[in-house]
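A.B. asks: What would the 3D arrangement of this be:
(one chain, ligands or ions: 2)
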Amino acid sequence: MNSLTKDAQKAAERVGLLSDKIVINGGKPLKGRVDVRGAKNLATKAMVAALLADSPSHLLDVPDISDVGVVTGMLGAYGVSVTKVGEGELLLDPTNVLKAQFHEIDALAGSSRIPILFCGPLLHRLGEALIPDLGGCRIGDRPIDFHMDALRAFGAIVDKSYEGIRLTAPNGLKGANIELPYPSVGATEQVLLTAVLAEGVTELKNAAIEPEIMDLIAILQKMGAIINVEPNRVIFIEGVEKLEGYTHRALFDRNEAASWASAALATKGDIFVAGAKQQELMTFLNIFRKVGGKFDIHEDGIRFYHPGTPLKPVVVETDVHPGFMTDWQQPLIVALTQAEGRSVVHETVYENRFGFTDALIEMGADIVVHKDGLESVTRRVPRRPLEQAAVIVGPTALHGADVEIPDLRGGFSHLIAALTADGTSTVSNIGLISRGYEHFIDKLADLGADFSFED
Ligand SMILES: CC(=O)N[C@H]1[C@@H](OP(=O)(O)OP(=O)(O)OC[C@H]2O[C@@H](n3ccc(=O)[nH]c3=O)[C@H](O)[C@@H]2O)O[C@H](CO)[C@@H](O)[C@@H]1O
Ligand SMILES: C=C(OP(=O)(O)O)C(=O)O
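C.D. replies: Numbers count the residues shown, from 1 in each chain. Ligands and ions are numbered 1, 2, ... in the order given. Okay, here's the model as predicted:
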């Protein structure tokens with residue numbers, strides 16, 4: 001069994017998914033309603049933030065996804081009790097934090113990227129942090145140099161000769177002046193989670209300002225932190241002596257919402273995404289509209305539907321917020337295979353995020369990936385050295401195939417492609433999808449998808 005399949009199986013087990021292979025009979029529009037709860041990219045970090053407090057926190061709208069399971073395991077290893085107190089409600093009690101043994105956290109290695117964010121909170125609480133090998137989607141090298149450089153600036157000592165990474169802070173952590181080489185989401189969160197309890201003021205330049213980061217800042221403010229978000233990606237954090245637990249409803253998962261929207265478009269369907277909000281999806285909605293997709297914004301969600309007329313091609317560049325998010329491009333590309341003409345997607349955030357297109361090509365899509373990017377006069381984002389571009393020419397009829405999911409968003413795209421295709425597809429490694437899409441099997445059934453499972 002390869003390591004990707006092992007990861008997929010571990011993720012599937014965490015959410016009680018019984019089979020890792022789904023057989024889909026495609027060609028049927030997805031129609032109906034799905035509910036979207038808290039964001040994977042916020043809820044997991046809110047759980048880490050609970051470790052900074054000296055009293056329990058209460059997190060609402062926590063999605064039932066395997067990454068939440070991984071963070072629950074990490075917190076448990078450090079003596080933080082995580083109790084489900086209602087549907088999607090967690091009580092996180094950090095009052096008995098203790099030093100974990102490395103083997104306890106190593107058991108969670110390779111399943112998620114979140115363990116890296118434990119560094120600051122653990123250094124504050126225990127003076128030591130042990131970080132196992134990180135997981136997450138294999139969409140590029142994903143180095144952690146910005147994280148380590150920032151932690152060193154706070155006064156941490158990083159020892160990589162250990163089994164994973166071991167950090168200590170013999171003289172405590174002090175506020176620092178940090179400028180990120182790129183507005184990394186994770187590194188910005190690393191700085192926030194460390195600076196709030198560090199002695200003195202931290203100035204962070206070139207910070208990421210994704211909605212999930214703003215929601216994390218809101219949580220930290222509820223806990224007692226002093227954080228000012230200034231113009232031009234600058235964040236000031238005045239360290240405080242102690243933080244208390246929070247009560248917070250997690251921001252909705254805009255990546256899941258955008259994924260279902262693309263599924264509606266690709267399958268000629270009509271999906272009401274309950275819980276989706278316009279504000280955090282504005283950039284996505286503009287592209288969705290340019291492709292020809294229709295949407296109606298309601299108080300309690302957004303209805304996304306196919307116009308009934310041919311879809312139009314589009315040129316998209318992924319970028320940091322408020323740009324078009326990299327996690328949205330994979331599901332959208334499936335819809336673009338059905339648009340009339342030549343679309344181009346420039347991926348500027350990760351260097352290897354088009355691997356999933358191989359399966360789409362096998363299903364009949366006309367996609368060419370340019371591994372060194374593609375010059376274009378319409379470019380908005382200055383070219384990054386790691387850029388790639390995908391050229392999609394449509395419309396192409398998709399046909400069923402046997403495909404293996406490479407990563408989370410690529411995996412969801414494979415599901416949509418199989419649902420769009422005529423005939424039967426077998427999609428394996430679906431456990432990876434449960435890293436970020438809660439109850440996706442039940443949701444597909446509610447939307448009228450025709451599928452069964454294979455052992
Ligand atoms: C759990 C989570 O929230 N995951 C999201 C987070 O990932 P994550 O926080 O890992 O993504 P980053 O924003 O840090 O990465 C962006 C770019 O910076 C590079 N980089 C990052 C850190 C570092 O130390 N050195 C470095 O070179 C990465 O390789 C990548 O090319 O933001 C990404 C970009 O919106 C999303 O696709 C992920 O869904
Ligand atoms: C890349 C993603 O997640 P992670 O950073 O957890 O791998 C994603 O959510 O698409």
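
A.B. asks: what residues does this structure put near ligand 1?
C.D. replies: When proximity is defined as C-beta under 6 Å from any ligand atom, the chain approaches ligand 1 at 41, 113, 140-147, 182, 184-187, 208, 325-327, 349-350. In short, each C-beta sits where N, CA and C put it, glycine included.

A.B. asks: tell me, which of these make contact with ligand 2?
C.D. replies: Arg113, Asp327.

A.B. asks: Please pick the buried ones from the residues of the chain next to ligand 1.
C.D. replies: For the residues of the chain next to ligand 1, a neighbour count by 16 or more other C-beta atoms under 10 Å gives the buried set as 41, 113, 142, 144, 146-147, 184-187, 208, 325-327, 349-350.

A.B. asks: any idea how far Ile416 is from Arg409?
C.D. replies: Distance of Ile416 to Arg409, given as C-beta to C-beta, to the nearest Å: 11 Å.

A.B. asks: returning to what we had before: could you list which of the residues of the chain next to ligand 1 belong to helices?
C.D. replies: Asn41, Asp145, Phe146, His147, Val185, Gly186, Ala187, Thr326, Asp327 (DSSP state H).

A.B. asks: pLDDT score assigned to the last one?
C.D. replies: This means Asp327. Listed pLDDT for Asp327 reads 98.

A.B. asks: what residues are up against it?
C.D. replies: Asn255, Ala258, Arg409 (C-beta atoms under 8 Å, 6 or more residues apart in numbering).

A.B. asks: so how far is Ala263 from it?
C.D. replies: 14 Å.

A.B. asks: all helices for the stretch 151-300 of the chain, in order.
C.D. replies: Ranges of helices within the stretch 151-300 of the chain are 185-195, 211-223, 254-266, 282-291, based on DSSP state H, counting those that start in this stretch.

A.B. asks: Select, out of those, the one closest to Arg380.
C.D. replies: Closest approach to Arg380 among those is made by helix 282-291 (11.2 Å; C-beta to C-beta).

A.B. asks: ok now do Leu134, which residues does it touch?
C.D. replies: By C-beta under 8 Å, 6+ apart, Leu134 lies in contact with Ala109, Gly110, Ser112, Arg113, Pro115, Ile116, Arg142, Ile144.

A.B. asks: can you list the residues of this protein near ligand 2?
C.D. replies: Residues of the chain lying close to ligand 2 (C-beta under 6 Å from any ligand atom) are Arg113, Gly136, Cys137, Asn255, Asp327, Leu408, Arg409, Gly436.

A.B. asks: could you redo the last one with a cut-off of 8 Å?
C.D. replies: 40-41, 67, 112-114, 135-137, 139, 142, 186, 255, 326-327, 350, 407-409, 435-436 (C-beta under 8 Å from any ligand atom).

A.B. asks: Surely Val368 is within a helix?
C.D. replies: No: counting by DSSP: H, G, I helix; E, B strand; the rest coil, Val368 is not found in a helix; it is strand.

A.B. asks: Could you list which residues are in contact with it?
C.D. replies: Neighbouring residues of Val368 by C-beta under 8 Å, 6+ apart: Ala390, Val391.

A.B. asks: let's see 10 Å
C.D. replies: For Val368, the contact set (C-beta atoms under 10 Å, 6 or more residues apart in numbering) comprises Phe354, Thr357, Ile361, Leu374, Ala389, Ala390, Val391, Ile392, Val393.

A.B. asks: Pairing partners for the host helix or strand of Val403, with directions?
C.D. replies: Here Val403 sits within strand 402-404, counting by DSSP states H and E. Counting by DSSP bridges, the strands paired with strand 402-404 are strand 424-428 (parallel).

A.B. asks: Just the CA trace of the partner strand, in PDB.
C.D. replies: Once non-C-alpha atoms are left out, strand 424-428 reads as follows in PDB (Å, rounded to 0.1, in the frame of the first residue of the first chain):
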ATOM      1  CA  THR A 424     -19.200   4.800 -14.500                       C
ATOM      2  CA  SER A 425     -16.100   5.900 -12.700                       C
ATOM      3  CA  THR A 426     -14.300   4.400  -9.700                       C
ATOM      4  CA  VAL A 427     -12.700   6.900  -7.500                       C
ATOM      5  CA  SER A 428     -10.300   5.700  -4.800                       C
END
